[in-house]
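Engineer: Quick one, fold the following:
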Amino acid sequence: MKILSWYVAIEFLRNLLLCLLAMLLLLLIANMFGDIESAFNSWPGFLRFIDNAAGSVPTIVEIVLPMSVLLGTVITFTKFSRSSELVAMKIAGLGLRRITLPILLVLLPVAALGYLNQNYLYNALNRQEDHAARGIAANQWRSDGESIYYLKSINSRTNTLGSGYIFRWLAHPFRISELVTFSHGMKGALDWRFRDVTKRRHASGSWSYSRVGNMVVPEQDFPNVFRPSKLDAHHMPILDLYRNIRQLEKRNPHIVVYRLEWYQKIAVLFVPFIMVLVGAPLAQSHARKAGVAGEIVITIFGGIVYWIGNEIFLTLGRGGILHPLISAWGINFLFFLLGLTLLLRAR
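Structural biologist: Numbers count the residues shown, from 1 in each chain. Predicted coordinates:
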C-alpha cells in the first residue's frame, strides 16, 4: 500500500506542477504584451519590465493555485480511470477516500507554500516598489499602541519629519491624557531627536503645560513612519495582522476589512483540500463521458466560478453586508457541499 500511495502522490504532484507552471507562464505572457514596447526601448526599461514581472508572480500564483489543484486532481483521476487503474484500486479494497489520502498529504506543504507566497514572497519581491515610491508625504496619521501621531510632513529621503502632534489617550475612560507637539524630528541610528517640544498633560481634572525643548526617543518607542500608512492586510502574516487588529479595535470596533482578511488567511489554507474533494469524484464521473479538452474546459470553468464567487463574497463582506467570517468562508462552504455531494454520488 505504501508503494501505491507514493505512486498516487507523485502522479498528482507532477500534474499539479505542470498545471501551475502552464497557467503561470500563460498569464505572464499575457501581461508581457501590455509592456513589451517599453520593455525593449532601453536597458532600464527592460530591467523595470523584469522587476514588474517578478513582482506579479506571487499575485498570479495566488489566483491560479486553486484552479491548478482542481485541474491536477481531475487529470490524475481521469488518467487512473481511463487506464483502469482506478478500477483495480477499488477491486483491491481501496475506496475513493483512501485513494485521495496521499494527495491530501501532498497538499499540506502546498497549502503552506501558498501561505508563504501570499504573505512573504509578495512582500519580498515588491519591496523595490515601496522604495521607489518613497519621498515626501504630507498630513499623515499614524498609530502605535495608545498613541496617535499627526505629522504634517514626512521626508523619507532625508529621514526627517516636519512639525507634528502626538496624542496619548486612555481607553477607560476614553480621553486624551497628553498632547506632545514638536517643530522638527530627525531619525538617527538608534533613536529619534525632536526640537521645540512642548507637553500638555491632563491630570486631576486639569491640564498642565511644559516646554521641554529637545527630546530624544528610542527607536522602538516611535512608529516606523516611513512605511505606508494603510496596512496591507492581505499580504501581512497572520500573527502580525492579529496584533494590528487587537490594537485597532481598542479605538474602533468596526474594522471589518482587517477581520475579513484575517479570516480569509485561514480559509485559503483549506482551499486546495476542497478542490481535491470536488475534483476527484468529478473526474471519476466524467472520465469516460468527455474528452481531454472537455475535462479541461469544465475544470477551468469550475476554477473561474470559484474565483468569481470568492470575489463576490469578499466584496459583500467589505461592504458590511455579510459577516467577515461568512464572507471569508462562504465560497469554501459552497464548494465543500458540492464536493461532498459529488463524493456521495460517486460511491
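
Engineer: Only C-alpha atoms from now on, for both contacts and neighbour counts.
Structural biologist: Will do.

Engineer: In three-state terms, label the closest residue to residue 216 other than its chain neighbours for me.
Structural biologist: Excluding its sequence neighbours, the residue lying closest to residue 216 (CA to CA, 6 or more residues apart in numbering) is residue 193, at 4.6 Å. Classification of residue 193 by DSSP: H, G, I helix; E, B strand; the rest coil places it in strand.

Engineer: residues contacting residue 193?
Structural biologist: Neighbouring residues of residue 193 by CA atoms under 8 Å, 6 or more residues apart in numbering: 185-187, 214-217.

Engineer: For these, give me CSV that also has pLDDT.
Structural biologist: Listed next are these as CSV, based on pLDDT from 0 to 100:
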residue, pLDDT
185, 94
186, 93
187, 91
214, 93
215, 93
216, 94
217, 92
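
Engineer: tell me which of the residues you listed is nearest to residue 299?
Structural biologist: Using CA to CA, residue 187 is the member of the contacts of residue 193 that lies nearest residue 299, at 54.2 Å.

Engineer: what are the bridge partners for that closest one, then?
Structural biologist: residue 192 (DSSP bridges).

Engineer: surely it meets residue 162?
Structural biologist: No: contact criterion CA atoms under 8 Å: residue 187 and residue 162 do not qualify, at 11.8 Å.

Engineer: Determine the longest helix present in this structure.
Structural biologist: helix 43-82 (DSSP state H).

Engineer: Could you list every helix and strand in contact with that one?
Structural biologist: helix 2-39, helix 85-91, helix 122-125, helix 271-286, helix 292-318 (3 or more CA pairs under 8 Å, 6 or more residues apart in numbering; DSSP states H and E).

Engineer: what's the most buried one of the ones you listed?
Structural biologist: helix 271-286 (a mean of 23; mean count of other CA atoms under 10 Å).

Engineer: and the angle from that one to helix 292-318?
Structural biologist: 140 degrees (axes from the mean of the first three to the mean of the last three CA atoms, to 10 degrees).

Engineer: quick one: which of the contacts of residue 193 is most hemmed in?
Structural biologist: Highest neighbour count within the contacts of residue 193, by other CA atoms under 10 Å: residue 185, with 23 neighbours.

Engineer: and the helix or strand containing that residue, how far out from the chain's middle?
Structural biologist: Assigned by DSSP states H and E, residue 185 belongs to strand 184-187. Per CA atoms, centre = their mean, to the nearest Å, the displacement of strand 184-187 from the mean C-alpha position of its chain is 34 Å.

Engineer: got it, and stretch 114-130?
Structural biologist: 9 Å.

Engineer: again, but for stretch 54-64
Structural biologist: The answer for stretch 54-64 is 11 Å, by CA atoms, centre = their mean.

Engineer: And it, what's buried?
Structural biologist: Neighbour-count burial for stretch 54-64, counted by 16 or more other CA atoms under 10 Å, picks out 55-58, 60-64.

Engineer: just stretch 177-186 next, same as before
Structural biologist: 178-182, 184-186.

Engineer: Stretch 320-330 too?
Structural biologist: 322-330.

Engineer: quick one: which two of these are the most distant?
Structural biologist: 322 and 329 (10.9 Å).

Engineer: Determine the number of other residues adjacent to residue 204.
Structural biologist: Applying other CA under 10 Å, we find 6 other residues in the vicinity of residue 204.

Engineer: Pull the contacting residues for the residue nearest to residue 324 when sequence neighbours are not counted.
Structural biologist: Here the nearest residue to residue 324 in space, its sequence neighbours aside, is residue 260; by CA to CA, 6+ apart that works out to 4.5 Å. Counting by CA under 8 Å, 6+ apart, residue 260 makes contact with 314, 317-318, 324-325, 327-328.

Engineer: and if you look at residue 316?
Structural biologist: Taking CA under 8 Å, 6+ apart, one finds 322, 327 in contact with residue 316.

Engineer: Compute the distance between it and residue 256, please.
Structural biologist: 11 Å (CA to CA, to the nearest Å).

Engineer: Same check on residue 172?
Structural biologist: For residue 172, the distance to residue 256 (CA to CA) stands at 23 Å.

Engineer: can you check residue 123 too?
Structural biologist: For residue 123, the distance to residue 256 equals 23 Å [CA to CA].

Engineer: Please apply the same query to residue 143.
Structural biologist: Taking CA to CA, one finds residue 143 at 18 Å from residue 256.

Engineer: And for residue 220?
Structural biologist: Residue 220 is 28 Å from residue 256, by CA to CA.

Engineer: ok, these two, which is more surrounded?
Structural biologist: residue 256 (17 against 10).

Engineer: I figured the more buried one hits residue 318, correct?
Structural biologist: Yes: with contacts counted by CA under 8 Å, residue 256 reaches residue 318, the gap being 6.5 Å.

Engineer: Are there residues contacting both of those two? Which ones?
Structural biologist: With CA under 8 Å, 6+ apart as the test, residue 256 and residue 318 both reach residue 324.

Engineer: tell me which residues of the longest helix of the chain are tucked away?
Structural biologist: 45-46, 49, 52-53, 55-58, 60-81.
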